[in-house]
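Student: one predicted model, sequence on top.
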Amino acid sequence: MRVLWGSRVEHLLVIFTYAVFAALMALTFLRISDDSSGVRVKGALLFMVLSFVALTEESGVASAMTNRRVLAKHRRLTFFHPAALSMVQSAIEIVLTIIKCAVFASEVYFATNLTRTAPAFFTFTLVLTALCTCMTEFFRLMGNGMPDIDTGLTVSGITLLFWIMLSGYMQTTAQMHGYFRWISYIDPLAYGFKAMMANEFKGLELKCTGASLVPSGPGFDNVAHQVCTLPGARPGELFVQGRDYLAQALQIYVDDRWKHFAAIIGFWALFVIASALIVEFVEFGASSHSINVYKRRRPRVNLATEDLVAESSKLSHSTEGSTASGSTLTWKYINYTVPVKGGSKQLLDNVSGYLKPGTLTALMGASGAGKTTLLDALSQRKTIGTLRGEMLMSGMPLPR
């Protein structure tokens, strides 16, 4: 809940976007007729709903790649397993998806005159929520599994294009070319479209009217001498069962609607597991992270001065009572100057000190006091400017 609350503005904007587009879609398909003239319009509405959900969730590719840098840093610092974070994000996304899909379904479903029964409405909302969650996880998988944003958007965009075209609305499975037909079997949108169509038409009786009756016009008012051109119609009958229409026209069977819903859940689980495994074991751009390794060199003992040797010896005698053994680091009159525009600037001014073995020494000071500069100077990592002073390790000068 803290994660949701921390991004509440973003989530509220998403819900508002769904509400606005639901209102526009409801006005476009307002009060669809329940007779034969509204059959194809209902199919177009459900296809538009699926397309809107899929296209809206594609923004998850960029969002996943934005969070990938933070996730990689947490992984290197061993804060937590990235797979655990991925699972938590998937669980949190379900809460947000339920809210936005409930808002969307409430506006679209009743304004467009879809089947007004409680089971049909809740089934529509359930399938929509499952499909939205599935597409969210797919685009998160693309964001986590692709090396860069361009590749991620390209692959996800092409995949989404084929999924929309082969969802079953533009072409039935039987009408698809053999080398494209297999895509419909791995298409969550196709299963969502079939589940929604089966949910809408399973209890409908479609009355043949207007151009659906042949012949039609003045004097043709006896159905015994007319034929309904709607797929699934029977000779001499004015009404067509919705399930018969789906079976004949789109090869969609009402009794399989829960199988289609289970397929969507299966795709969602597959995307969640794949995304968790990728963030756990794959780290793109890991080569850009590097550390400096300095070559160790033997100290040049012949450069030791008598004064510094004596000072280091005094420090050694002062720690005779200590149980720890090791080397003493001593520095005296450290001055560090860097060139700047119009002259030079002194960053360290006659800094002296020592570190005794077996003790923990804290280097404290305000921001900008020169703590890091002093440590870099003692470790001889400075590559510009002028560094002066004496640095001894157990009485012997450090090599430069």
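Tutor: Received, thanks.
Student: only C-alpha atoms for contact and neighbour calcs from this point on.
Tutor: OK.
Student: starting at the chain centroid, how far to stretch 348-363?
Tutor: 48 Å (Cα atoms, centre = their mean, to the nearest Å).
Student: can you pull the buried residues of it?
Tutor: The neighbour-count check on stretch 348-363 (16 or more other Cα atoms under 10 Å) flags 348, 354, 356-357 as buried.
Student: give the buried residues for stretch 95-111.
Tutor: 96-98, 100-109, 111.
Student: where does this structure dip in pLDDT?
Tutor: For the chain, applying pLDDT under 70 flags the ranges 1-6, 285-325, 400.
Student: determine the longest helix present in it.
Tutor: Across the chain, the longest stretch assigned as helix under DSSP state H is helix 82-111.
Student: from the contact counts, what lies against that one?
Tutor: With contacts taken as 3 or more Cα pairs under 8 Å, 6 or more residues apart in numbering; DSSP states H and E, helix 82-111 sits against helix 8-28, helix 118-145, helix 257-281.
Student: what's the angle between the helix or strand following the second one and helix 118-145?
Tutor: I take that to be helix 118-145. Next in sequence after helix 118-145, counting helices and strands by DSSP states H and E, comes helix 149-165. For helix 149-165 against helix 118-145, the angle by axes from the mean of the first three to the mean of the last three Cα atoms, to 10 degrees is 150 degrees.
Student: thinking again about what came up before, quick check: angle from the longest helix of the chain to helix 118-145?
Tutor: 140 degrees.
Student: could you number the chain from 16 rather than 1 from now on?
Tutor: Sure, I'll start counting at 16 from here, so that last one is helix 97-126.
Student: could you give the angle of helix 97-126 to helix 272-296?
Tutor: Using the same axes, to 10 degrees: helix 97-126 against helix 272-296 is 150 degrees.
Student: what angle separates helix 97-126 from helix 23-43?
Tutor: 30 degrees.
Student: and which of the buried residues of stretch 110-126 is nearest G167?
Tutor: T112 (22.7 Å; Cα to Cα).
Student: which ones are touching the closest one?
Tutor: Applying Cα atoms under 8 Å, 6 or more residues apart in numbering, we find T112 in contact with 144, 147-148.
Student: scan the residues you listed and report the most crowded one.
Tutor: The member of those that has the most neighbours, counting by other Cα atoms under 10 Å, is C147 with 29 neighbours.
Student: hang on, isn't that residue packed against T71?
Tutor: No. Using Cα atoms under 8 Å, C147 and T71 do not qualify as a contacting pair, with a distance of 9.3 Å.
Student: so P233 is in which element?
Tutor: Counting by DSSP H and E, P233 is part of no helix or strand.
Student: for F282, give its distance to V103.
Tutor: Noted for F282: a distance of 18 Å to V103, by Cα to Cα, to the nearest Å.
Student: please say which of the two ends up with more neighbours.
Tutor: F282 (20 against 12).
Student: state the distance from the more buried one to L146.
Tutor: F282 is 9 Å from L146, by Cα to Cα.
Student: identify the contacts common to these two.
Tutor: Residues touching both F282 and L146 (Cα under 8 Å, 6+ apart): P203.
Student: work out the gap between the longest helix of the chain and the centre of the chain.
Tutor: 14 Å.
Student: same thing with stretch 88-104?
Tutor: Using Cα atoms, centre = their mean, the offset of stretch 88-104 from its chain centre is 14 Å.
Student: which residues touch the closest residue to A79 other than its chain neighbours?
Tutor: Counting by Cα to Cα, 6 or more residues apart in numbering, A79 lies nearest to G158, which is 4.9 Å off, once chain neighbours are set aside. G158 makes contact with 75-80, 164, 167, according to Cα under 8 Å, 6+ apart.
Student: how does it look with 6 Å?
Tutor: Contacts for G158 were tallied using Cα atoms under 6 Å, 6 or more residues apart in numbering; they are 76, 79-80, 167.
Student: next: Y348.
Tutor: 365-367, 404.
Student: next, K222: phi, psi?
Tutor: With angles defined as degrees, to the nearest 10, K222 sits at phi -90, psi 130.
Student: which strand residues bridge it?
Tutor: Per DSSP bridges, the residues bridged to K222 are F254.
Student: need the contact list for it.
Tutor: 50-51, 253-254.
Student: which of those residues lies closest to L176?
Tutor: Nearest member of these to L176, counting by Cα to Cα, is S51, at 30.0 Å.
Student: I'd say the closest one and C223 touch.
Tutor: Yes. Taking contacts as Cα atoms under 6 Å, S51 lies within contact range of C223: 5.1 Å.
Student: identify the contacts common to the two.
Tutor: Contacts common to S51 and C223, judged by Cα under 6 Å, 6+ apart, are absent.
Student: how about the strands in the stretch 216-365 of the chain?
Tutor: 220-222, 228-229, 242-243, 254-256, 344-355, 358-370 (DSSP state E, counting those that start in this stretch).
Student: could I get those in a markdown table, plus columns for distance to V287?
Tutor: Output for the strands of the stretch 216-365 of the chain, formatted as a markdown table (distance: least, Cα to Cα, whole Å):
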| stretch | distance to V287 |
| --- | --- |
| strand 220-222 | 40 |
| strand 228-229 | 50 |
| strand 242-243 | 47 |
| strand 254-256 | 39 |
| strand 344-355 | 53 |
| strand 358-370 | 53 |
